[in-house]
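**Student:** Sequence below, structure please.
(one chain, ligands or ions: 1)
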Amino acid sequence: MVQEQLAAKGITDPRVLAVMGEVPRHLFVDDAMQGRSYGDYPLPIAAGQTISQPFIVAYMTQALELQGHEKVLEIGTGSGYQAAILSRLCRKVYTVERVNTLLAGARKLFDTLHCFNIVAKMDDGTLGWPEFAPYDAIIVTAGGPEVPHPLIDQLADPGRLIIPVGDQDIQNLHLVTKEKGEIRIDRLASVRFVELIGEHGWGR
Ligand code: SAH
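**Tutor:** So this is what the prediction gives:
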């Protein structure tokens, strides 16, 4: 997976490649899907949601340019796979999921894999997690109609935020950078994510 789907397609950050090779992705999918868990495609998880394809996980992670000291906020815990990857590349991960059953499954895996620097809660992640703000990096793994302004507010300066923005069928990955009080938005690539549902996403 690391050589054929990530390195060959342009993932260059050695720390990201190493971690993608370490975290056992098969534990994050249903038993019936385990044989396909290292393939180059997204897979269904519980509650009608999906775990992103490995390349997209690596691509979004690489865009955050993590060095190891950061506090990172993830919106959309899902299976917990993305959070487990992040947890090995930064100091602390805060992750928010709106579906309780998914959160429960992810928490078990964080324990199994000794990801003790991840804190997870059930909530509407479009509101961020103000209590622990600001965050050096924020990653949203569901697609919304706009960048939720609470997330921009809770981004540190300097800080990097990555989020799919568009309609329900197709979105564009937006990289929002905050530096010296200025906000800049770069559009990186077309993607297809499940809906970001909440106050600053698609209506409940
Ligand atoms: N990062 C996940 C991908 C999960 S799919 C992984 O590695 O498996 C996106 C997830 O976002 C879904 O689980 C969905 O329930 C969740 N989600 C959608 N809107 C949300 C919101 N407003 N707050 C928190 N989670 C949300």
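**Student:** As a check, name the ranges of all helices in the protein.
**Tutor:** 14-22, 54-63, 81-87, 100-112, 149-153 (DSSP state H).
**Student:** From the contact counts, what lies against the fourth one?
**Tutor:** Contact partners of helix 100-112 among helices and strands, from 3 or more Cβ pairs under 8 Å, 6 or more residues apart in numbering; DSSP states H and E: helix 81-87, strand 92-97, strand 118-122. For every residue, glycine as well, the C-beta is placed using N, CA and C.
**Student:** and of the ones you listed, who's closest to the ligand?
**Tutor:** Judged by Cβ to the nearest ligand atom, the one of the helices and strands packed on helix 100-112 that comes nearest to the ligand is helix 81-87, at 3.5 Å.
**Student:** That closest one - what's its average pLDDT?
**Tutor:** Helix 81-87 shows a mean pLDDT of 98.
**Student:** So for the ligand, which of the helices of the chain sits nearest?
**Tutor:** It's helix 81-87; of the helices of the chain, that one is closest to the ligand (Cβ to the nearest ligand atom) at 3.5 Å.
**Student:** Off-centre distance for that closest one?
**Tutor:** Centre-to-centre, helix 81-87 and its host chain are 8 Å apart (Cα atoms, centre = their mean, to the nearest Å).
**Student:** same for that helix, what does it pack against?
**Tutor:** Using 3+ Cβ pairs under 8 Å, 6+ apart: helix 81-87 touches helix 14-22, helix 54-63, strand 71-75, strand 92-97, helix 100-112, strand 118-122.
**Student:** you'd agree G78 is up against L102?
**Tutor:** Yes: taking Cβ atoms under 8 Å as the definition, G78 is a contact partner of L102 at 5.7 Å.
**Student:** and the lengthiest strand in the chain, how far out from the chain's middle?
**Tutor:** As assigned by DSSP state E, the longest strand anywhere in the chain is strand 155-166. With Cα atoms, centre = their mean as the basis, strand 155-166 stands 11 Å off its chain's centre.
**Student:** For that strand, list every residue counted as buried.
**Tutor:** L155, A156, G159, R160, L161, I162, I163, P164, V165, G166 (16 or more other Cβ atoms under 10 Å).
**Student:** which outside residues touch it?
**Tutor:** 60, 63-65, 71, 134-140, 142-147, 151-152, 171-181, 188, 191, 193, 196 (Cβ atoms under 8 Å, 6 or more residues apart in numbering).
**Student:** Restrict the residues you listed to those that also contact the ligand, please.
**Tutor:** A142, L196 (Cβ under 6 Å from any ligand atom).
**Student:** Any of the contacts of strand 155-166 buried? List them.
**Tutor:** Burial by neighbour count, 16+ other Cβ under 10 Å: within these this picks out 60, 63-64, 71, 134-140, 142-145, 147, 151-152, 171, 173-178, 191, 193, 196.
**Student:** winner for burial among the helices of the chain?
**Tutor:** Ranked by mean neighbour count, the helices of the chain are led by helix 81-87 with a mean of 25 (mean count of other Cβ atoms under 10 Å).
**Student:** Which residues does that helix contact?
**Tutor:** Under Cβ under 8 Å, 6+ apart, the answer for helix 81-87 is 16, 19-20, 23, 25, 28, 51-52, 57, 60-61, 66, 72, 74, 76-77, 93, 95, 106, 109-110, 113, 115, 117-118, 120, 139, 141.
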